[in-house]
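Engineer: the following comprises the amino acid sequence and a computationally predicted model.
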Amino acid sequence: MTDSPLPPLLLIGCGKMGGAMLAGWLERGLTEAVVVEPNPAATAAFAGRVTVVDNPAAIPPGFRPAAVVLAIKPQEAAATLPTLAHLVGPETAFLSIMAGRNVAGMRTALGGAAAVIRAMPNTPAAVRQGFTVAFPGPGVTAAQRGLADRLLSAIGEVAWVEEEGLIDPVTAVSGGGPAYVFLLAEVLEAAAIEQGLPPDLARRMARATVAGSGALLAASPEDSAQLRKNVTSPKGTTERALAVLMAPEAWPALMSKAIAAATDRSRELAG
Ligand SMILES: NC(=O)C1=CN([C@@H]2O[C@H](COP(=O)(O)OP(=O)(O)OC[C@H]3O[C@@H](n4cnc5c(N)ncnc54)[C@H](O)[C@@H]3O)[C@@H](O)[C@H]2O)C=CC1
Ligand SMILES: O=C(O)[C@@H]1CCC=N1
């Protein structure tokens, strides 16, 4: 069975995440999109394929998108959402990927009756290997949820939750998660240099080790603890390193503290 073509879309903000999503939708055959983006460099890669305007007042009159995708910073929401209020109606879903901004706050800013889906993707979306968790707000129809699922599936895996509060820890874990993995590559590289390895080799080793381990994790049916054990020979070298990293005050405690801090920050951005 082939999917029906993607309907007309309006994208607000074409930065790292908005651009990654737009690329995914174009790959899936999107033919009609308007993008509101003030920075010309951000849309250069899409020239000729979408209509770009630099502010909501310049959206072509009469353009009726099936979805308005909000990919601006949370701090831009208060000023921008009221300028989109004229698009609220039964034919249009609002799909937000803004950290922290909650459905009630967005509905208020849009004028009250908007069908709003709140989602949290992550940057592996740029290589269509993202992970998004989404929550359907009040009044979101099955068709609108289906459209949001198609849009988010274009950039990777999608899961839905029925409790909005879960999006805050999701933001901390999978939304920010790539940053923690990239930090691992950074500190592994620095530690390799400290042990006398040439910087170029240290960089290649760290990148390839993190990327290769991610690929193995993705391909293997084994869980991550077993994959770790597969590396750890009894009385060997890895065991010594893990005794440091897995000490109760080390990674287990630090990760739990880090995720709690990010979850709290997501809650602070509510509204
Ligand atoms: N970067 C990440 O890992 C993730 C980010 N998010 C969320 O995605 C949203 C966008 O984040 P990024 O793409 O990282 O930021 P970004 O800074 O790369 O993109 C934001 C874009 O919005 C544009 N912009 C600013 N004001 C605007 C306005 N009034 N109207 C239209 N466009 C405007 C900017 O020029 C920029 O291109 C944020 O709300 C963030 O919380 C969600 C998941 C992951
Ligand atoms: O750091 C942030 O606020 C956003 C949300 C998750 C990833 N980046």
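Structural biologist: Nice, thanks for sending it over. Ligands and ions are numbered 1, 2, ... in the order given.

Engineer: the host helix or strand of L254 near ligand 1 at all?
Structural biologist: Taking DSSP states H and E as the definition, one finds L254 inside helix 251-268. No: contact between helix 251-268 and ligand 1 is absent, the nearest approach being 9.0 Å (criterion: Cβ under 6 Å from any ligand atom). In short, each C-beta sits where N, CA and C put it, glycine included.

Engineer: which one is the single nearest residue of the chain relative to ligand 1 nearest to, not counting chain neighbours?
Structural biologist: Of all residues in the chain, G15 sits closest to ligand 1, at 1.8 Å by Cβ to the nearest ligand atom. With Cβ to Cβ, 6 or more residues apart in numbering as the criterion, G15 has its nearest non-adjacent residue at 5.8 Å, and that residue is A42.

Engineer: count of residues packed around the one you found?
Structural biologist: Counted with other Cβ atoms under 10 Å, the neighbours of A42 add up to 17.

Engineer: try E189
Structural biologist: Neighbour count for E189, taken as other Cβ under 10 Å: 21.

Engineer: that one: what secondary structure?
Structural biologist: helix (DSSP: H, G, I helix; E, B strand; the rest coil).

Engineer: list the contacts for it?
Structural biologist: For E189, the contact set (Cβ atoms under 8 Å, 6 or more residues apart in numbering) comprises A202, R203, M205, A206, R207.

Engineer: list the contacts of the fourth one.
Structural biologist: By Cβ under 8 Å, 6+ apart, the contact list for A206 reads A185, E186, L188, E189, A192.

Engineer: and R101, how far is that from I259?
Structural biologist: Computed as Cβ to Cβ, to the nearest Å, the R101 to I259 distance reads 20 Å.

Engineer: before we move on, back to that, so which elements touch the helix holding L254?
Structural biologist: Using 3 or more Cβ pairs under 8 Å, 6 or more residues apart in numbering; DSSP states H and E as the contact test, the elements touching helix 251-268 are helix 167-170.
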